[in-house]
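S.K.: predicted structure and sequence below. I'll ask about it afterward.
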Amino acid sequence: MASASSRVTLAQIAEYAGVSVATVSKVINGRPDVAQQTRDLVLDLMRQYNYGGNRDNLRAHPTVELFFGFERLSIYHTEIIQSVVDAGSQEGVAVVVSRRGDHDPAADPVAWARGLVAAGRRAVITVTANTLSGPILEALNRVRLPVVLLDPESLPDGSIVSVGATNFAGGNAAATHLLSLGHRRIAYLGGTEHAWSNQARLHGFRSAMEAAGVPVPGELIRHAGTFHAAEGVEHGGRLLAVEPTPTAVFAASDELAAGVIEAARLRGLRVPDDLSIVGFDNTPLAQVISPPLTTIHGPVPEMGTVALRTALRLAAAEGIDSHHVELATRLVVRKSTRVLSAPSDSTP
């Protein structure tokens, strides 16, 4: 066996522990599918032989876990990944991306938290509050691993740090824009019904409509269940089947809006001549679909930067200014909205 002062390889650590190289790699990367006894043995050997993957070395090269509580990621999620990775590059921090399809923290919260620490994670940024609740948050707190919720689905309590957007203001701006174009029969297509962001966008939409004295019939409010395009086609089609047909739709994501555009095409409706559509997020999709989408710009790059820097401050036991930060949204007008044509106007 090598001396403690000599350099050892990953293969030697595996040999000393009596396990495969793949198992040692799983321990280093914080994978949960390793028995705790085996994990402890591998970590002890890494510390004993000062292996390059031990925690002291990893502290010199900090790593943050970006965890998604979803098995299926959207275009919006890829934008979040880009924003956090870019922020990590600026701060000299590596970002490791995982999702519920790769790891299920709820299956064994303690093992998952220990695995993150063993892999050298300094903090966790998560995109959903629902997955990291109860025992999972307790496990992270037990190993002193700070967590920041990015655009959480549920409003966290005051003890949990979160970063989001001004969803209410965004919903209000979308409805105000459509009202200014003369639309009065405006539908709302949301995503996950009870998601905090979805409810805030809907409330902002309703606020603008009520302020203008325009009622919103119940049949013009639908929730697709997700924020994906396929659901936008299905539920957008159902909204467009309502009589009289709405002249405009505010969709709670760009993907849902893209689905509504396709639903309109299938029914022979032209956007924006027959139907105006506003999305939310301002993802790259908004610029490449036809017509280019009027949407609410979500401050994703800024959110990623704030979330990462906040996570690093928490990891360094530094104070933070607020446990919840909301960054401003804004309207971006493109070609999917237009002034409402008079009923007699049948020209394209």
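M.R.: Cool, got the structure.

S.K.: and the helix or strand containing residue 140, what other elements does it pack with?
M.R.: Taking DSSP states H and E as the definition, residue 140 sits inside helix 135-142. Counting contacts by 3 or more Cβ pairs under 8 Å, 6 or more residues apart in numbering; DSSP states H and E, helix 135-142 packs against helix 109-118. Backbone N, C-alpha and C define where each C-beta goes, glycine included.

S.K.: pairing partners for the following helix or strand past the helix it packs on, with directions?
M.R.: Where DSSP H and E defines the elements, the next helix or strand beyond helix 109-118 is strand 121-126. Here strand 121-126 has these sheet partners by DSSP bridges: strand 63-68 (parallel), strand 147-150 (parallel).

S.K.: how about those, which one is nearest residue 270?
M.R.: Closest approach to residue 270 among these (Cβ to Cβ): strand 63-68, 36.5 Å.

S.K.: from the chain's centre, how far out does that closest one sit?
M.R.: 12 Å (Cα atoms, centre = their mean, to the nearest Å).

S.K.: quick one: the strands in the stretch 101-250 of the chain?
M.R.: 121-126, 147-150, 161-165, 186-190, 221-223, 248-251 (DSSP state E, counting those that start in this stretch).

S.K.: point out the most buried one among these.
M.R.: Stretch with highest mean neighbour count among the strands of the stretch 101-250 of the chain: strand 248-251 (a mean of 31; mean count of other Cβ atoms under 10 Å).

S.K.: what is the mean pLDDT for that one?
M.R.: Mean per-residue pLDDT for strand 248-251: 98.

S.K.: pretty sure residue 63 contacts residue 96?
M.R.: Yes - at 5.9 Å, residue 63 counts as touching residue 96 under the criterion of Cβ atoms under 8 Å.

S.K.: joint contacts of these two?
M.R.: Residues touching both residue 63 and residue 96 (Cβ atoms under 8 Å, 6 or more residues apart in numbering) are 119, 121.

S.K.: ok, which of the strands of the stretch 101-250 of the chain comes nearest residue 200?
M.R.: Residue 200 lies closest, by Cβ to Cβ, to one member of those: strand 161-165, at 8.8 Å.

S.K.: direction included, what does the closest one pair up with?
M.R.: Note on strand 161-165: by DSSP bridges, its sheet partners are strand 147-150 (parallel), strand 324-327 (parallel).

S.K.: what's the first one in contact with?
M.R.: Taking contacts as Cβ under 8 Å, 6+ apart, the residues outside strand 147-150 that touch it are 80, 84, 123-129, 132, 137, 140, 156, 160-164, 303-304, 307, 310-311, 314.

S.K.: swap in 7 Å and give it another go.
M.R.: 80, 123-127, 129, 132, 137, 140, 156, 160-163, 303, 307, 310-311 (Cβ atoms under 7 Å, 6 or more residues apart in numbering).

S.K.: hey, C-alpha coordinates of it in CSV?
M.R.: Extracted in CSV, the C-alpha atoms of strand 147-150 (Å, rounded to 0.1, in the frame of the first residue of the first chain):
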residue,chain,number,x,y,z
VAL,A,147,-29.5,26.6,-0.2
VAL,A,148,-30.9,29.3,-2.4
LEU,A,149,-34.3,28.9,-4.1
LEU,A,150,-34.3,30.3,-7.7
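
S.K.: ok so, going back, in a markdown table, list the strands paired with strand 161-165 along with mean pLDDT.
M.R.: As requested, the strands paired with strand 161-165 are exported to a markdown table (pLDDT from 0 to 100):
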| stretch | mean pLDDT |
| --- | --- |
| strand 147-150 | 92 |
| strand 324-327 | 92 |
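
S.K.: a markdown table for these, including distance to residue 183?
M.R.: As requested, the strands paired with strand 161-165 are exported to a markdown table (distance: least, Cβ to Cβ, whole Å):
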| stretch | distance to residue 183 |
| --- | --- |
| strand 147-150 | 33 |
| strand 324-327 | 28 |
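
S.K.: any idea which helix or strand comes after the host helix or strand of residue 263?
M.R.: Residue 263 belongs to helix 254-266 when assigned by DSSP H and E. Using DSSP H and E, the helix or strand that directly follows helix 254-266 along the chain is strand 276-281.
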